[in-house]
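*Asks:* sequence and predicted structure, then a few things I'm wondering about:
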There are 2 protein chains.
Amino acid sequence: MRAHFDVQLEAVSDTLVEMTSRVGLAMEQATMALLRADLGLAESVIRTDAWLDHQQIELEERALLLCAQQQPVATDLRFILTSMKIAAELERMGKLARHIAKLVRLRAPAQVVPASLHATIAEMAQIAGRLVSKAGTAIACRDADLAGELDPDDDAMDRLHEHLFDVILSPTWPYGVQTAVDVTLCGRFYERFADHAVTVSRRVIFLVTGERVPGDVG
Amino acid sequence: MRAHFDVQLEAVSDTLVEMTSRVGLAMEQATMALLRADLGLAESVIRTDAWLDHQQIELEERALLLCAQQQPVATDLRFILTSMKIAAELERMGKLARHIAKLVRLRAPAQVVPASLHATIAEMAQIAGRLVSKAGTAIACRDADLAGELDPDDDAMDRLHEHLFDVILSPTWPYGVQTAVDVTLCGRFYERFADHAVTVSRRVIFLVTGERVPGDVG
């Protein structure tokens, strides 16, 4: 009985890990679409988001069933309830990748972000990828130490986000209001993506240790 | 035993209702601060956000305890797990009110939004207030019908959000890039607030009926 329950819990963990990997891929592809004004890739990101929605609902249903059938307590209960919340964060991260893809679709064949800011966006995307990948490994290994290591990347993301604002708001910004607005939204999507990854990692810490990490992620 | 459990469930519901009321107040005050460039009021919104954070964590702890001690099934289990998720949405709505207050603080004593857009913002705030208040009543009365009635207001919010973009991006926009960026962010905060309220109402429908409402809220 316990062995079967363990298999079910492991399957929940596997689903979360797969969701992090899909979310990471979605953000990577959304970024490629953004930097290349690639409409086809943008459409693909928008389409695959449904998979994440489905997984999130499916995982919630499984959590309800596991609670009802197994009446878990202590660590198992904390694991199941926290998994539900992690899935919700991951679903939201997928939406942010989709928001970027939708901006690409809205402006195609024009570029959303001017070439002079591509390096900054690429760096934000790289950090976003690293954060979600670390979060995935932390879930897979139930590694609270690794989960605690996301803050420096999140700080770097905040600095790049600030940098975007500095560039947009400089008196010599040559690209006009629409591009400023688009870059503002993109910047916020990457920054929120990072916040959610940090929240996921904090939930992993709670899941493993039962301790809550104080502080605010956005 | 059951009577005591019912009291505990009712207390969870009461906390959620109180959270919706506080979130509504926070958004109302953030809007007043925004339209009057009132730094004191903005600071007050920023400070009181901690209460929502605390309530959310406290409610999650209570949900864990109730699951562990009462081993709920069926409707009770669904109620407890859904309450946890509703609390997370409400906490996020509080953050959006705080974001608006922070913009006020950043630009004070200057106005964040030009006077010509105050009526639009006021209307968005009114819809936001109505949405969160309906969500609160739906929770209090476990009223799935009322919870299903939020979509027209959410659509109206989307239209106002679009209108903001039309104004910002019109060739005659006279207020420059910074104001365009600030209005973009404000617009997004109100629109996301509405999305979360709709998500809360859909969770109430799930809580009452066990049925999930299909479709996307952002």
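*Replies:* Ah, there it is.

*Asks:* name the residues that touch stretch A:2-15?
*Replies:* A:55, A:58-59, A:62-63, A:66, A:70, A:72, A:76, A:79-80, A:83, A:87, A:139-140, A:142 (C-beta atoms under 8 Å, 6 or more residues apart in numbering or on different chains). (Each C-beta comes from the backbone N, C-alpha and C, glycine too.)

*Asks:* now do stretch A:84-99
*Replies:* Stretch A:84-99 is contacted from outside by A:15-16, A:19-20, A:22-23, A:26-27, A:29-30, A:45-46, A:49, A:52-53, A:55-56, A:59-60, A:63, A:132, A:139, A:185, A:189-190, A:192-193, A:196-197, A:199-200, A:203-204, A:207, B:81, B:84-85, B:88, B:218, using C-beta under 8 Å, 6+ apart.

*Asks:* next, count neighbours for A:Arg22.
*Replies:* Residue crowding around A:Arg22 was assessed by other C-beta atoms under 10 Å in any protein chain shown; the count is 21.

*Asks:* immediately after the helix or strand in which it is found, which helix or strand?
*Replies:* Assigned by DSSP states H and E, A:Arg22 falls within helix A:2-36. Tracing the chain past helix A:2-36, the next element assigned as helix or strand by DSSP H and E is helix A:39-70.

*Asks:* mind pulling up the pLDDT for the residue minimising distance to the centre of chain A?
*Replies:* Nearest residue to the geometric centre of chain A (C-alpha atoms, centre = their mean): A:Met93, 3.5 Å. Per-residue pLDDT puts A:Met93 at 98.

*Asks:* go on, A:Pro214?
*Replies:* Reading off the model, A:Pro214 has pLDDT 80.

*Asks:* how close does it sit to A:Arg202?
*Replies:* 9 Å (C-beta to C-beta, to the nearest Å).

*Asks:* got any ranges where chain A has weak pLDDT?
*Replies:* A:216-218 (pLDDT under 70).

*Asks:* which strand or helix spans A:Met157?
*Replies:* helix A:151-169.

*Asks:* tell me the buried residues in that helix?
*Replies:* Going by neighbour count (16 or more other C-beta atoms under 10 Å in any protein chain shown), the buried part of helix A:151-169 is A:Asp153, A:Asp154, A:Ala156, A:Met157, A:Leu160, A:His161, A:Leu164, A:Val167, A:Ile168.

*Asks:* and for stretch A:28-44?
*Replies:* A:28-35, A:37-38, A:41-44.

*Asks:* ok, now stretch A:138-151?
*Replies:* For stretch A:138-151, by 16+ other C-beta under 10 Å, it's A:Ala138, A:Ile139, A:Ala140, A:Asp143, A:Ala144, A:Leu146, A:Ala147, A:Leu150.

*Asks:* now, the most widely separated pair of those residues?
*Replies:* With C-beta to C-beta as the measure, no two of the buried residues of stretch A:138-151 lie farther apart than A:Ala140 and A:Leu150, at 15.1 Å.

*Asks:* apart from its chain neighbours, what residue comes closest to A:Gly187?
*Replies:* A:Leu164 (4.3 Å; C-beta to C-beta, 6 or more residues apart in numbering or on different chains).

*Asks:* check A:Asp143 too.
*Replies:* Using C-beta to C-beta, 6+ apart, the nearest residue to A:Asp143 is A:Thr137, at 6.8 Å.

*Asks:* ok so, going back, who's in contact with the residue nearest to A:Gly187?
*Replies:* A:Leu117, A:Thr120, A:Val183, A:Thr184, A:Gly187.
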